[in-house]
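>>> Would you be able to build a 3D model of this:
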Amino acid sequence: MTALHDLTIAEAAPLLKAKKLSPVELTASYLSRIEAFDGQLNAYIRVLPEQAMAAARKAEGEIMRGGYKGPLHGVPIGLKDIYNTKGIATTGHSALYKDHVPEEDATTTRLLAEAGTILLGKLSTWEFAIGGTSFDLPWPPAKNPWNLAHDPAGSSSGSGAAIAAGLAMGSMGTDTGGSIRGPAAWCGISGLKPTYGLVSRRGILPLSFSLDHGGPMCWTSEDCALMMEVLAQHDPLDPGSADVAKPDFAGSLQKDVKGLRIGVIRHFFESDAEADPEIKAGIEAALVTLRELGCEVMDVTLSPLSAYGDAATLISRAEAFAFHEETLKATPELYGELARQRIMMGAFIRACDYVNALRERGRLIAEIATVFESVDVLICPTMPGVAPKLGDLGNMMSRSRPSFTRVFNLTGSPALSVCSGFSAAGLPLAMQIVGRPFQDDLVLRVGSAFEKATRFRDLRPALWAQPALAAE
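All right, here's what the predicted structure looks like:
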C-alpha cells in the first residue's frame, strides 16, 4: 500500500472525494512526518499544527456533508515564506521582517484556502528571494533531501525540499530568475513558472516587478496542473495580471503529445554555457523518449544565452534596489551578507542601462515569438549541473555558466522543470519545457506525458530518512 506521504494530489483527490481518505488523517500524517524529519532538512520556517488540524477538520466536515470543492479539497500544502498570510508572520527569511505579520492574505493564499487546501506552514527561502544559501540569518538554510550535504537551490528552497521529502503534497514558490525551476531541478520534482500575468503576485513580497512570477511546485506535472486550475485567476488589483481565458489544465493532460514539434536550444548548453556531461546525457535521453511518444524534434537557434541573462540581471537588480533602498540604507545590518550585496548592485545601474535592457527585452521577446512559429515547445536543461555541496552554489553559478532559467523570466514564457533522470551519484537531473505565452496547459501536458513514459516518479529520496524511520 502506498504511504500517505507518497500519494500525489491526483491520487489522493478521488480518495478524499469518495470519503475513503480523511483530510484529518492525511494532515496528521504530514505533521508527524514534519516533526520527525524537518529538523534534518530545515524546509519549514514555521509549522502551523493547530491551524492545520482545524482546517482539516473543517474540510472533512464539508466533504462528509457533500460539499466537495475539487481536487485540492483536504490537500496539505506549504507556502514559501514570502506569500502573505493574514495573522501569520511572513518573514522573507530575513531578520528585517522577522516580526512582519500581514493584515491580509496574498491573492494566491486566499484562492488556495478557498479551494480547501490545508496550510501546514511557511517554507524556507533565500532571503527576500535573492540572498542565496546563507548561514547568517535567523533560520538555517534548507537542505537537499536526496543528499543532506547538498544544496536544494533557491530561492524556493524549502518549497522544493518539502515536496521531495514528502513534507507537503504541494507548495508555492516564486520565480524571478529560476527560483521555482532551480529547486525543482535539484530536488527532483516538477515546478512551473507560469506565463507572466497568469497568476497574481499581489501579496507576495516583490523582488523585481517586471520579472516576478508565482507558481506551483509538486511531485508531478499533473499535480501542478491541478493547482493551476485554482491559481490562474485574473486579479484586477495586480497591475501585471492578465485578463485572459483560463486554459483547461486538467483536460489538456488527457490528450497525447503525438505530432508536437519540439525545438531544442542546443547552443544554450553545448556552446553558450558549460553544462555538465550528465546534464547533456539526460537531455538526449529525454529527447529519445519524446520521439518515442510521437514528437518531432529539431534544433532551433536564439540569441546567445548571455544576451538574455545580461538584460534580465540589469532589470532585476535595478528593481530589487528600488524596493529595498529605504530599508537597506536605514538598517543594512538586518540583511544577510549575500542579500545585501546582491541588492546593492542595483544602486550602480544607470537609468540609460535599465532602459536599454528593457528595449533589448522587447527584441528578445519578438525573437522567441518568431521561433515559436515553427515549434510548439522548446527544450533545454534547467540547470548546468547537479546540486553542489551546500555552500558551494556561488562556484557553480559563475559567469562561465549563465542561467538557463532567467531567459524565460525575461520573455515571460511558461517554463516547467521536470526530472529527467539521475546522476551517477544519485542526484536528480532535469530538463526545462517552455511554451508560447498562455499555453501553460501544453507545457504541462508534455511534462506529464514524459513523466508517465519514464520511471523517475517512482523513485523517492528515502535513504536520508532511514535512521529516523528506524527510530519511530
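
>>> Does V418 lie in a helix or a strand, and which?
V418 is part of strand 415-422, with elements assigned from DSSP states H and E.

>>> again but with S171, I slipped
strand 170-175.

>>> Check which helices and strands that strand is in contact with.
Applying 3 or more Cβ pairs under 8 Å, 6 or more residues apart in numbering; DSSP states H and E, one finds that strand 170-175 contacts strand 76-80, helix 157-164, strand 213-218. Placement of C-beta: from N, CA and C, glycine included.

>>> what's the shortest one in contact with?
Put plainly, it is strand 76-80. 26-27, 30, 43-44, 52, 56, 85, 109, 112, 117-123, 125, 155-156, 158-159, 162, 167-174 (Cβ atoms under 8 Å, 6 or more residues apart in numbering).

>>> Which SSE is immediately downstream of that strand?
helix 107-114.

>>> Now do the same for R457: helix, strand or coil?
helix (DSSP: H, G, I helix; E, B strand; the rest coil).

>>> do you know how far the closest residue to it other than its chain neighbours is from N409?
In space, and not counting its chain neighbours, R457 is closest to E451: 5.3 Å by Cβ to Cβ, 6 or more residues apart in numbering. Distance, E451 to N409, using Cβ to Cβ, to the nearest Å: 24 Å.

>>> Looking at these two, which one has more neighbours?
N409 (27 against 19; other Cβ atoms under 10 Å).

>>> was I right about the more buried one contacting L211?
Yes. Between N409 and L211 there is a contact under Cβ atoms under 8 Å: 4.5 Å.

>>> ok, which stretches of the stretch 251-400 of the chain are strands?
261-264, 296-299, 377-381 (DSSP state E, counting those that start in this stretch).

>>> what's the first one in contact with?
Residues from elsewhere that reach strand 261-264 (Cβ under 8 Å, 6+ apart): 283, 287, 290, 295-300, 371, 374-380, 446.

>>> How about the last one?
Strand 377-381 is contacted by residues 260-265, 268-269, 275, 279-280, 282-283, 286-287, 290, 300, 371-372, 404, 430-435, 442-443, 446 when judged by Cβ under 8 Å, 6+ apart.

>>> do the second one as well
Residues external to strand 296-299 that are found in contact with it (Cβ under 8 Å, 6+ apart): 259-266, 287, 290-291, 374-375.

>>> still on that earlier bit, who touches both of N409 and L211?
Taking Cβ under 8 Å, 6+ apart as the criterion, N409 and L211 both touch T176, G177, A312, S316.

>>> any idea which of those has the most stuff around it?
Sorting those by how many neighbours each has (other Cβ under 10 Å) puts A312 first, at 29 neighbours.

>>> which ones are touching that one?
Residues near A312 by Cβ under 8 Å, 6+ apart: G177, L211, A357, R361, R406, V407, N409, L410.

>>> quick check: longest helix of this protein.
The helix spanning the most residues in the chain, taking DSSP state H as the definition, is helix 305-330.

>>> buried ones in it?
The neighbour-count check on helix 305-330 (16 or more other Cβ atoms under 10 Å) flags 305, 307-324, 328 as buried.

>>> hmm, back to that, could you pick out the buried ones from the contacts of strand 377-381?
260, 262-265, 268-269, 275, 279-280, 282-283, 286-287, 290, 300, 372, 404, 430-435, 442-443, 446.

>>> Please list the members of those that lie in helices.
I279, K280, G282, I283, A286, L287, L290, L442, V443, V446.

>>> Turn these into JSON lines, columns for pLDDT and distance to E60.
Formatted as JSON lines, these follow (pLDDT from 0 to 100; distance: Cβ to Cβ, whole Å):
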{"residue": "I279", "pLDDT": "97", "distance to E60": "44"}
{"residue": "K280", "pLDDT": "97", "distance to E60": "48"}
{"residue": "G282", "pLDDT": "97", "distance to E60": "42"}
{"residue": "I283", "pLDDT": "98", "distance to E60": "44"}
{"residue": "A286", "pLDDT": "98", "distance to E60": "41"}
{"residue": "L287", "pLDDT": "98", "distance to E60": "45"}
{"residue": "L290", "pLDDT": "98", "distance to E60": "41"}
{"residue": "L442", "pLDDT": "98", "distance to E60": "36"}
{"residue": "V443", "pLDDT": "98", "distance to E60": "34"}
{"residue": "V446", "pLDDT": "98", "distance to E60": "36"}
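
>>> helices and strands of this protein: which one bottoms out on pLDDT?
None of the helices or strands of the chain scores lower by mean pLDDT, DSSP states H and E than helix 466-471, at a mean of 40.

>>> Straight-line length of stretch 236-256, end to end?
Taking Cα to Cα, to the nearest Å, stretch 236-256 runs 35 Å from one end to the other.

>>> Average pLDDT for that stretch, rounded please.
Stretch 236-256 carries an average pLDDT of 96.

>>> which residues in the stretch 1-150 of the chain form helices?
Using DSSP state H, counting those that start in this stretch, the helices of the stretch 1-150 of the chain run over 9-17, 23-41, 49-64, 107-114.

>>> between the helices and strands packed on strand 170-175, which one is nearest to F456?
helix 157-164 (12.2 Å; Cβ to Cβ).

>>> tell me the angle the closest one makes with strand 76-80.
Orientation of helix 157-164 against strand 76-80 (axes from the mean of the first three to the mean of the last three Cα atoms, to 10 degrees) gives an angle of 160 degrees.

>>> what helices or strands is helix 157-164 leaning on?
strand 44-47, strand 76-80, strand 118-123, strand 170-175, helix 181-187, strand 213-218.

>>> check contacts around S423.
E278, V386, L429.

>>> ah, wrong one, I meant S156
Neighbouring residues of S156 by Cβ under 8 Å, 6+ apart: 80, 123, 125, 129, 171, 173-175, 179-180, 182-183, 191, 217.

>>> Just give me the closest of these to P141.
When the contacts of S156 are compared against P141 (criterion: Cβ to Cβ), the nearest one is T125, at 9.4 Å.

>>> got a list of what the residue nearest to the closest one when sequence neighbours are not counted touches?
Nearest residue to T125, sequence neighbours excluded (Cβ to Cβ, 6+ apart): H93, at 4.7 Å. Applying Cβ under 8 Å, 6+ apart to H93 gives the contacts I45, D81, S124, T125, W126, E127, F128, G131, L137, P138, W139.

>>> next one: L123
Contacts of L123 by Cβ under 8 Å, 6+ apart are 43-45, 78-81, 142, 156, 158-159, 162, 168, 171.

>>> Now tabulate these in a markdown table and tack on pLDDT.
A markdown table is the format used below for these (pLDDT from 0 to 100):
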| residue | pLDDT |
| --- | --- |
| A43 | 98 |
| Y44 | 98 |
| I45 | 98 |
| G78 | 98 |
| L79 | 99 |
| K80 | 98 |
| D81 | 98 |
| A142 | 98 |
| S156 | 98 |
| G158 | 98 |
| S159 | 98 |
| A162 | 98 |
| A168 | 98 |
| S171 | 98 |
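
>>> from those residues, which two are the most distant?
Across the contacts of L123 (Cβ to Cβ), the longest gap, 14.1 Å, separates L79 and A142.

>>> More neighbours: the two, which one.
Between L79 and A142, counted using other Cβ under 10 Å, the more crowded position is A142 (33 against 30).

>>> isn't the more buried one right up against A164?
No. The criterion here is Cβ under 8 Å, and A142 misses it with A164 at 10.4 Å.
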